[in-house]
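> Task: produce atomic coordinates for the following.
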Amino acid sequence: MLIEPKSNSPMKVLIVDDEIFIRESLSIFLEDEGFEVLTAENGLTGIEGFRNNQPDIVILDLRMPEMSGMEVIPKIREITDLVPIIIISGNNEVSDAVEALRIGAWDYITKPIQDLNMMLHRMELVLNQALLLKENRNYHNHLEEMVDERTKDLQLNQSKLSEAMFNTILVLTQTIEAKDPYTRGHCLHVSEYSVAIGRELGFSKTDLYNLQLGALLHDIGKTGIPGIILNKPGKLTPEEYEVIKKHPEIGENILKHIDYFKPFLHIIRHHHEWDNGNGYPDKEIGSTSVSSAVVAVADVYDSLITDRPYRNAMTTEKALKILKEQKGTQFCPKIVDLFLDKKIYRIQHNDKLKIEFNF
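Below you'll find the model as predicted:
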């Protein structure tokens with residue numbers, strides 16, 4: 001035989017034929033060839049024998065009482081498509097052979113079988129095909145399992161990386177607030193306002209994620225501004241104001257060499273650009289991105305309603321009035337209108353430096 005069993009047990013063949021002479025003669029021959037032979041006298045008992053004994057190959061007659069071979073084939077195929085079925089039939093109709101092969105048989109031999117060695121050779125061929133098919137399927141299944149495992153590992157590593165980077169962002173946020181105590185909670189508030197606006201604008205999960213982080217770090221450049229200027233109680237001189245205006249560029253330079261931060265660097269650089277081009281640092285007409293325009297509105301609103309070294313906090317009404325007055329000059333009108341219409345300014349903050357990325 002060409003087929004080597006995977007264990008010491010002989011390979012099983014199930015013969016399903018209503019003719020006792022066929023069953024007995026094939027059984028004697030195949031047992032002598034090393035097979036374990038099982039027999040069934042009709043299709044019903046053949047299916048039962050297949051389920052109970054799990055043979056390696058089936059030899060099946062077409063013309064049988066109670067259930068024909070044509071009916072048996074799909075029943076076996078419902079169980080498995082890895083066990084070869086060889087049809088033996090006294091009917092020489094080509095249409096029967098074609099139909100049997102179409103619905104799941106692997107080979108077709110006509111009766112009477114003149115050469116049993118020829119039949120044995122045909123059995124060995126389909127058994128080798130079945131072995132290759134099983135090995136190929138096992139390989140693909142194993143490959144899929146490996147891909148699933150690697151994917152899970154990658155997702156876990158990405159999750160750990162995101163957690164680590166987020167912790168870094170929290171530390172950076174705390175660093176900003178330590179440098180400018182008057183803005184304690186400001187970065188978190190701006191982030192919460194921005195995400196709420198982004199949701200209303202239909203941002204994707206990825207865009208919301210980047211908007212959230214960009215808003216948290218929009219003032220990271222203030223860590224490079226001298227504290228004496230940053231916390232000056234009175235009005236800034238023109239020279240001091242020019243120093244303050246450098247913080248978007250400083251923030252971009254601090255983070256630009258880390259790939260993780262690159263998707264939201266534009267927010268950090270452009271959150272002080274104006275809709276009419278009078279902002280800084282690039283004097284862009286209109287925001288360079290919707291995200292930076294969103295943060296620009298959220299940033300100014302939160303600044304207006306909180307205490308600063310040079311002034312006391314404004315009322316909500318006065319701050320909203322300023323936003324309305326600056327539509328189309330400092331701010332994108334669509335974003336201001338959305339901020340007002342959806343009453344995003346009413347968000348309740350918990351002032352904890354923790355963000356759940358539940359997008």
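
> Any regions of the stretch 151-300 of the chain where pLDDT drops low?
162, 181-182, 286-288 (pLDDT under 70).

> Checking the residue lying closest to Phe35 once chain neighbours are set aside next. Helix, strand or coil?
The spatial neighbour of Phe35 that comes closest, neighbours along the chain excluded (C-beta to C-beta, 6 or more residues apart in numbering), is Val13 at 4.8 Å. Backbone N, C-alpha and C define where each C-beta goes, glycine included. Taken by DSSP: H, G, I helix; E, B strand; the rest coil, the conformation at Val13 corresponds to strand.

> next one: Val58
Strictly by three-state DSSP, Val58 counts as strand.

> Mind listing the residues bridging to the residue nearest to Phe35?
Counting by DSSP bridges, Val13 is bridged to Val37, Ile57.

> mind listing the strands for the protein?
12-16, 36-40, 57-61, 85-89, 107-110 (DSSP state E).

> List just the one of the ones you listed that sits closest to Val336.
Val336 sits nearest to strand 85-89 of all these, at 73.5 Å, using C-beta to C-beta.

> Check which helices and strands the closest one sits against.
Secondary-structure packing of strand 85-89 (3 or more C-beta pairs under 8 Å, 6 or more residues apart in numbering; DSSP states H and E): strand 57-61, helix 69-79, helix 94-103, strand 107-110, helix 116-179.

> partners of it, with directions?
strand 57-61 (parallel), strand 107-110 (parallel).

> so that strand versus helix 116-179, what angle?
150 degrees (axes from the mean of the first three to the mean of the last three C-alpha atoms, to 10 degrees).

> Would you mind writing the CA trace of strand 85-89 as PDB?
Provided in PDB are the C-alpha atoms of strand 85-89 (Å, rounded to 0.1, in the frame of the first residue of the first chain):
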ATOM      1  CA  ILE A  85     -16.000   7.800  -1.400                       C
ATOM      2  CA  ILE A  86     -15.500   5.300  -4.200                       C
ATOM      3  CA  ILE A  87     -18.600   4.400  -6.100                       C
ATOM      4  CA  ILE A  88     -19.000   0.800  -7.500                       C
ATOM      5  CA  SER A  89     -22.000   0.300  -9.700                       C
END
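
> Would you mind pulling the contact partners of that strand?
With C-beta atoms under 8 Å, 6 or more residues apart in numbering as the test, strand 85-89 has contacts from 17, 22, 57-63, 69, 73, 76, 96-97, 100, 104-111, 113, 119, 122-123, 126.

> now the angle from it to helix 94-103?
Using the same axes, to 10 degrees: strand 85-89 against helix 94-103 is 170 degrees.

> Report the mean confidence score over strand 85-89.
When pLDDT is averaged over strand 85-89, the result is 91.

> can you give me the offset of that strand from its chain's centre?
In this view, strand 85-89 has its centroid 46 Å away from the chain centroid, taken as C-alpha atoms, centre = their mean, to the nearest Å.

> so it versus strand 12-16, what angle?
30 degrees.

> Just want the angle from strand 85-89 to helix 69-79.
Going by the same axes, to 10 degrees, strand 85-89 makes 170 degrees with helix 69-79.

> Buried residues in strand 85-89, which are they?
For strand 85-89, the neighbour count (16 or more other C-beta atoms under 10 Å) marks Ile85, Ile86, Ile87, Ile88, Ser89 as buried.

> Including distance to Glu145, could those go into JSON lines?
Putting the buried residues of strand 85-89 into JSON lines (distance: C-beta to C-beta, whole Å) gives the following:
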{"residue": "Ile85", "distance to Glu145": "29"}
{"residue": "Ile86", "distance to Glu145": "33"}
{"residue": "Ile87", "distance to Glu145": "36"}
{"residue": "Ile88", "distance to Glu145": "39"}
{"residue": "Ser89", "distance to Glu145": "41"}
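
> And those, which is closest to Val171?
Distances from Val171 to the buried residues of strand 85-89, taken by C-beta to C-beta, are shortest for Ile85, at 67.4 Å.

> List the residues that contact the residue nearest to Phe35.
Val13 touches Leu30, Phe35, Glu36, Val37, Leu38, Pro55, Asp56, Ile57, Val58, Ile59, Met123, counting by C-beta under 8 Å, 6+ apart.

> could I have stretch 252-267 exported to PDB, CA atoms only?
Below are the C-alpha coordinates for stretch 252-267, written out as PDB (Å, rounded to 0.1, in the frame of the first residue of the first chain):
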ATOM      1  CA  GLU A 252       5.700  70.800  18.400                       C
ATOM      2  CA  ASN A 253       9.500  70.700  18.700                       C
ATOM      3  CA  ILE A 254       9.300  68.900  22.100                       C
ATOM      4  CA  LEU A 255       7.200  66.000  20.600                       C
ATOM      5  CA  LYS A 256       8.000  65.900  16.900                       C
ATOM      6  CA  HIS A 257      10.700  63.200  17.200                       C
ATOM      7  CA  ILE A 258       8.300  60.600  18.700                       C
ATOM      8  CA  ASP A 259       6.100  58.900  16.100                       C
ATOM      9  CA  TYR A 260       3.300  58.300  18.600                       C
ATOM     10  CA  PHE A 261       2.700  62.000  18.800                       C
ATOM     11  CA  LYS A 262       2.900  62.900  15.100                       C
ATOM     12  CA  PRO A 263      -0.900  62.400  14.300                       C
ATOM     13  CA  PHE A 264      -1.800  65.300  16.600                       C
ATOM     14  CA  LEU A 265       1.200  67.600  16.300                       C
ATOM     15  CA  HIS A 266      -0.800  69.900  14.000                       C
ATOM     16  CA  ILE A 267      -3.200  70.600  16.900                       C
END
